[in-house]
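**Student:** can't give you the sequence, but here's the structure:
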Ligand SMILES: [Mn+2]
């Protein structure tokens, strides 16, 4: 049976639309899953039913997280936020962890995981961390743009057995203080966290890059989707 994997869509108020990046669904389909869109709603009953319906949760890239979630004032360098979506995704993530169902987050998904576990974010990498590594590459996002150093002995090193891995990079925020329970699996050359997981759970796993844009052309990216779907299959 193909596992059902839920995604909370993004919100475009100007266009009166919920939306998801096409490649998220395409990569999940290619990996053997049935992706479904879930309501943007933090109501406990909706959250509980949503979590019950899915075998895994994909937390994709999306607009910036509301800085009050990690105890900071919103600075001018922070981008647009969607608090209703933050609330819905946080509620669902917590419920999935309670049920010990698999969660895979990338880009903002990794950042959200860190914040929920008590970590903080850079609101803007170029102005707060520096420009040694360009984390917001020009399109096309299907091109790999900077290296990450994979930490030996971590689940990421097991999946992708190499010390350095080229990834794409389409983010201006990132992890500042990692949550205490999170184990770091990769860093870029400027020290930024590019991959982490939460031990003690079946699968709570995040990367800072966007493997959906490279899944069709890059084996390592597709490996991340295949492995996630395999874990969701149970
Ligand atoms: Mn990056």
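**Tutor:** That came through fine. The structure presented is a predicted model; accordingly, all values stated were derived computationally and were not measured. Numbers count the residues shown, from 1 in each chain.
**Student:** Run through who's touching the helix or strand encompassing residue 184.
**Tutor:** In this assignment (DSSP states H and E), residue 184 forms part of strand 183-188. Applying Cβ atoms under 8 Å, 6 or more residues apart in numbering, the contact partners of strand 183-188 are 133, 135, 146-151, 154-157, 165, 169, 178, 193-199, 207-208. Every C-beta, even on glycine, is put in place using the N, C-alpha and C of the backbone.
**Student:** Next, the buried residues of stretch 48-65.
**Tutor:** Applying a neighbour-count criterion of 16 or more other Cβ atoms under 10 Å, one finds 50-51, 54-65 buried in stretch 48-65.
**Student:** Relative to the ion, how far out is residue 56?
**Tutor:** 24 Å (Cβ to the ion, to the nearest Å).
**Student:** again with residue 55
**Tutor:** Distance from residue 55 to the ion, by Cβ to the ion: 29 Å.
**Student:** any low-confidence regions in the protein?
**Tutor:** Filtered on pLDDT under 70, the chain yields no residues whatsoever.
**Student:** Can you pull the residues of it lying near the ion?
**Tutor:** For the chain, the contact set with the ion under Cβ under 5 Å from the ion comprises 135, 169.
**Student:** If we use 8 Å, what do you get?
**Tutor:** 133, 135, 145-146, 148, 167, 169-171, 174, 188, 192, 194, 208-209 (Cβ under 8 Å from the ion).
**Student:** quick one, phi psi at the residue in the chain that the ion sits nearest to?
**Tutor:** Relative to the ion, the nearest point of the chain is residue 169 (3.3 Å; Cβ to the ion). Residue 169 adopts backbone torsions of phi -150, psi 110, taken as degrees, to the nearest 10.
**Student:** and it, how many neighbours?
**Tutor:** 24 (other Cβ atoms under 10 Å).
**Student:** from what I can see it touches residue 143, true?
**Tutor:** No: counting by Cβ atoms under 8 Å, residue 169 does not reach residue 143; the two are 10.0 Å apart.
**Student:** For those two, list the residues in contact with both.
**Tutor:** Joint contacts of residue 169 and residue 143 (Cβ under 8 Å, 6+ apart) are residue 137.
**Student:** For the protein, which segments are assigned as helices?
**Tutor:** For the chain, applying DSSP state H gives helices covering 22-30, 44-53, 83-99, 108-116, 125-128, 155-159, 211-214, 219-233.
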